[in-house]
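Engineer: Any chance you could fold what I've pasted below:
(one chain, ligands or ions: 1)
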Amino acid sequence: MSDAIQHVLVPGTFDPITYGHMDVVRRARRICPHVTVAVAESLGKNGVGTTFSLEERVALAREALDGLDGVDVLPFTGLLVDFAREVDAQGVVKGLRAMTDFEYELQQADLNYRLNPRLESMFVMSAPEYGYLSSSVVRQLASMGGDVSDFVPACVTEALHERFM
Ligand code: PNS
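Structural biologist: Got it, this is the predicted structure:
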């Protein structure tokens, strides 16, 4: 079917990328041949700056996802709907961990729908073992000297170690 979705974005701040994000990317790739991990410039959810720069977040995501066929990683600034148009993506895939995610994601999806009803928002349920996992939890743990190696790939553990050393 010519209208079928061939390219989706998995957008986020990825500050930094975690095993939870990587699980969502793999799931997105199972349902779509081309996945672009779209790393937002993002000032953070509360207007606070990110721990890693946009370039660093892109580099870490690229390293973490290296070798995954059909998956690429690109930075973007501005609106997600504009970036989707720019790279000709027809859908957006995000992971849901809990009802609290749902409220936020529904609002984002509704807004994106108002901006471009042709851009399909889709959701995958995060694997239960990652239900508690978030970039902010990982950052907090790392900043207090905790071991994050069960939650993020080695390149991210190293980068966090350097950042909070
Ligand atoms: O990792 P996050 O914080 O859940 O990612 C949120 C993100 C970056 C996907 C979302 O904030 C986003 O799409 N930002 C780009 C700007 C935009 O299009 N916002 C929605 C309409 S105001």
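Engineer: Flag every residue of the protein that's near the ligand.
Structural biologist: Residues of the chain lying close to the ligand (Cβ under 6 Å from any ligand atom) are 11-13, 40, 42, 45, 79-80, 108, 111. Heads up, the C-betas are built off the backbone N, CA and C, glycines and all.
Engineer: Show me which of those has the smallest pLDDT value.
Structural biologist: Least confident entry in these, by pLDDT: residue 45, with 54.
Engineer: start to end distance for stretch 14-25?
Structural biologist: 12 Å (Cα to Cα, to the nearest Å).
Engineer: ugh, typo on my part, it should be stretch 95-102
Structural biologist: 9 Å.
Engineer: buried set for it?
Structural biologist: For stretch 95-102, the buried set under the neighbour-count rule, 16 or more other Cβ atoms under 10 Å, comprises 95-97, 101.
Engineer: do stretch 25-40 as well
Structural biologist: Neighbour counts over stretch 25-40 (16+ other Cβ under 10 Å) mark 25-29, 32, 34-40 as buried.
Engineer: Same question for stretch 131-138.
Structural biologist: Of the residues in stretch 131-138, those buried (16+ other Cβ under 10 Å) are 133-135, 138.
Engineer: next one: stretch 2-19
Structural biologist: By neighbour count on 16+ other Cβ under 10 Å, the buried set for stretch 2-19 is 5, 7-19.
Engineer: show me what contacts the nearest residue to residue 135 once chain neighbours are set aside?
Structural biologist: Closest residue to residue 135 apart from its sequence neighbours, by Cβ to Cβ, 6 or more residues apart in numbering: residue 15 at 5.0 Å. If you count contacts by Cβ atoms under 8 Å, 6 or more residues apart in numbering, residue 15 has them with 42, 44, 50-52, 57, 135, 139.
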